[in-house]
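Undergrad: Structure of the sequence below:
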Amino acid sequence: MQNINNPIIGIVGGLGPQAGVDLTSKIIEQTLSRFDQDHISVILISMPSMLVDRTEFLLGNLDENPGLAIAEIVETLDRCGADVVGIPCNTAHADSIFDVIKQDIAERHSSVKLLDMVTETVNFVCHQHANIKRVGVLSTTGAIKAQIYSSALAIKGIQTILPSKYIQENVLHPAIVDEEYGIKSCSSPVSERAQNDLYETVDKLVIAGAEVILAGCTEIPLALVDSHINGIPIIDPTLILARALIDAVAPEKLMPMKEN
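TA: Predicted coordinates for the structure are as follows:
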């Protein structure tokens, strides 16, 4: 680590902006502290105008790879002294995007540690829910096309339960991105329609056999704030990433995991 006495967590914000703020808040909430000075230094860079839409790129509607701009922000965080970096955007972890970022770090021979939100989340599911065989995934259409979670879960022998094509395209994805009521445009507070659409999708995944629900878009935990819905655990990758970032630089400050 570069900063032994004052480790620094870097966050790539703007993907959307509220997701970066949510990650920052969860880092604070998950840190053992008595005073202000006990908290870990965090640098959040939120430059949404630099970052093209990840789903539009993955669907082939944009030529510009968002990984290029994300890599620039990671480099800036590195130069500012960040020891570890997290990207609070599940869709940005598609191989075609995430590999660009990792390649840039390698080419610069940087010592900054980039955490993989998807890997951290899947490892958490396997550890905390060892007997689970079917995981329901809520995510953007781009993340589904890239098979971000389905591929990672399959390696662990876990089946992914996804919404039907109709629900994904007409209910779930609009609940995230719709310009009038989606969480990206209405994040504080989340619109009632977006929240209701998410609950509807959760119900359908449970009916289809999901034993846990993975909130695989960083906007979704802004709406689904409960740890369980009708007895089914809701997994929040932002919370998992927050805990992993703390553990990477100051494990002694990581708050014990609450029992579900």
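Undergrad: For Glu75, give me its contacts.
TA: Applying CB atoms under 8 Å, 6 or more residues apart in numbering to Glu75 gives the contacts 104, 108, 110. Every residue, glycine included, has its C-beta placed from N, CA and C.
Undergrad: Turn those into a markdown table, columns for secondary structure and distance to Gln18.
TA: A markdown table is the format used below for these (DSSP: H, G, I helix; E, B strand; the rest coil; distance: CB to CB, whole Å):
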| residue | secondary structure | distance to Gln18 |
| --- | --- | --- |
| Asp104 | helix | 26 |
| Arg108 | coil | 30 |
| Ser110 | coil | 28 |
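Undergrad: which residue packs closest to Glu56, ignoring adjacent ones?
TA: Distance criterion CB to CB, 6 or more residues apart in numbering; nearest residue to Glu56, sequence neighbours excluded, is Leu62 at 4.6 Å.
Undergrad: before we move on, back to that, which of the contacts of Glu75 are buried? Put it as a PyMOL command.
TA: Buried members of those, defined by 16 or more other CB atoms under 10 Å, are picked up in PyMOL with:
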select buried, resi 104+110
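Undergrad: Show me the helices in the protein, by range?
TA: 17-29, 54-58, 66-79, 95-107, 117-128, 141-145, 148-155, 165-167, 173-177, 192-207, 237-249 (DSSP state H).
Undergrad: For Ser185, which of those is the nearest?
TA: helix 173-177 (8.0 Å; CB to CB).
Undergrad: what sits up against stretch 101-121?
TA: Contacts of stretch 101-121 (CB under 8 Å, 6+ apart): 2, 10, 67, 70-71, 74-75, 77-78, 82-90, 93, 98, 148-149, 152, 214, 216, 235, 237, 240-241, 244-245, 248.
Undergrad: start to end distance for that stretch?
TA: For stretch 101-121, the first-to-last residue distance is 19 Å (CA to CA, to the nearest Å).
Undergrad: Now that stretch: average pLDDT?
TA: Stretch 101-121 carries an average pLDDT of 97.
Undergrad: Counting neighbours, which bits of it end up buried?
TA: Those would be 101, 104-105, 110, 112-118, 120-121, for stretch 101-121 by 16+ other CB under 10 Å.
Undergrad: what's the answer for stretch 37-44, then?
TA: 40, 42-44.
Undergrad: Let's see which of those end up in strands.
TA: 42-44 (DSSP state E).
Undergrad: domains of this structure?
TA: Here the domain parsing of the chain from automatic domain parsing is 8-116+240-253, 117-237.
Undergrad: quick one: the last one to chain centroid distance?
TA: By that I understand domain 117-237. 11 Å (CA atoms, centre = their mean, to the nearest Å).
Undergrad: cool, and the longest one?
TA: Taking CA atoms, centre = their mean, one finds domain 8-116+240-253 lying 10 Å from the centre of the chain it belongs to.
Undergrad: what ranges of the protein fall below the confidence cut-off?
TA: Applying pLDDT under 70 to the chain flags the ranges 1-4, 259-260.
Undergrad: which residues does the spatially closest residue to Thr76 that is not a sequence neighbour contact?
TA: Among residues not flanking Thr76 along the chain, Ile45 sits closest, at 6.1 Å (CB to CB, 6+ apart). By CB under 8 Å, 6+ apart, the contact set of Ile45 is 10-14, 73, 76-77.
Undergrad: about what we covered before: now distance to Lys165 too, for the ones in strands among the buried residues of stretch 37-44, in JSON lines please.
TA: Listed next are those as JSON lines, based on distance: CB to CB, whole Å:
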{"residue": "Val42", "distance to Lys165": "39"}
{"residue": "Ile43", "distance to Lys165": "40"}
{"residue": "Leu44", "distance to Lys165": "36"}
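Undergrad: Out of these, the closest to Ile161 would be?
TA: Leu44 (33.4 Å).
Undergrad: Correct me if wrong: Cys89 contacts Asp53.
TA: No - Cys89 is beyond contact range of Asp53, at 10.7 Å (criterion: CB atoms under 8 Å).
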